[in-house]
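Enquirer: Predicted structure and sequence below. I'll ask about it afterward.
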Amino acid sequence: MNDTATATQHEHEHGYITDKASYMRRLSRIEGQARGIARMVDEEQYCIDILTQISALTSALKSVAVGLVDDHLKHCVADAVLLGGEEGQEKIKEASDAIARLVRS
């Protein structure tokens, strides 16, 4: 991607921006969960308890990802499709690829 395209993307207001504070709170909790898991390993806690916390962390991350995908589709992709042309098709492919990566993980 060239510098002009990158600059244009950054000038556009992202769909998640209206929920940015909520996303930041959720990510802070996720960060705390990750630190807690590291502490559990350091303290040599029971494997199943650690795995349970990893499962909770994974679910929390997936929840954030689904929210970001939803916001991206409703705003960035919808706006690009309304404008028409190649940019709309690129945004659809970009979203599809991101969803495929999430499904594989």
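Expert: Received it, and whenever you're ready, just let me know what you need.
Enquirer: What segments of this protein are helices?
Expert: Using DSSP state H, the helices of the chain run over 3-11, 20-42, 47-72, 78-83, 85-104.
Enquirer: Tabulate those in a markdown table, adding columns for mean neighbour count and mean pLDDT.
Expert: Quick note: C-beta positions are derived from backbone N, CA and C, even for glycine. Formatted as a markdown table, those follow (neighbours: other Cβ atoms under 10 Å; pLDDT from 0 to 100):
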| stretch | mean neighbour count | mean pLDDT |
| --- | --- | --- |
| helix 3-11 | 9 | 44 |
| helix 20-42 | 13 | 97 |
| helix 47-72 | 14 | 95 |
| helix 78-83 | 14 | 88 |
| helix 85-104 | 12 | 91 |
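Enquirer: which non-adjacent residue is nearest the spatially most central residue of the chain?
Expert: Central residue of the chain (Cα atoms, centre = their mean): Ala65, 3.4 Å from the mean position. Excluding its sequence neighbours, the residue lying closest to Ala65 (Cβ to Cβ, 6 or more residues apart in numbering) is Leu102, at 5.5 Å.
Enquirer: Do I have it right that the residue nearest to the centre of the chain meets Val103?
Expert: No - between Ala65 and Val103 there is no contact under Cβ atoms under 8 Å: 10.5 Å.
Enquirer: And Ser22, how far from Arg29?
Expert: Computed as Cβ to Cβ, to the nearest Å, the Ser22 to Arg29 distance reads 11 Å.
Enquirer: what do you get for Lys20?
Expert: For Lys20, the distance to Arg29 - Cβ to Cβ - is 15 Å.
Enquirer: likewise Asp70?
Expert: Separation of Asp70 from Arg29 (Cβ to Cβ): 19 Å.
Enquirer: again with Ile50
Expert: Distance from Ile50 to Arg29, by Cβ to Cβ: 18 Å.
Enquirer: Next: Ala95.
Expert: Distance of Ala95 to Arg29, computed by Cβ to Cβ: 26 Å.
Enquirer: And Tyr16, by the same measure?
Expert: Using Cβ to Cβ, one gets 17 Å for the distance from Tyr16 to Arg29.
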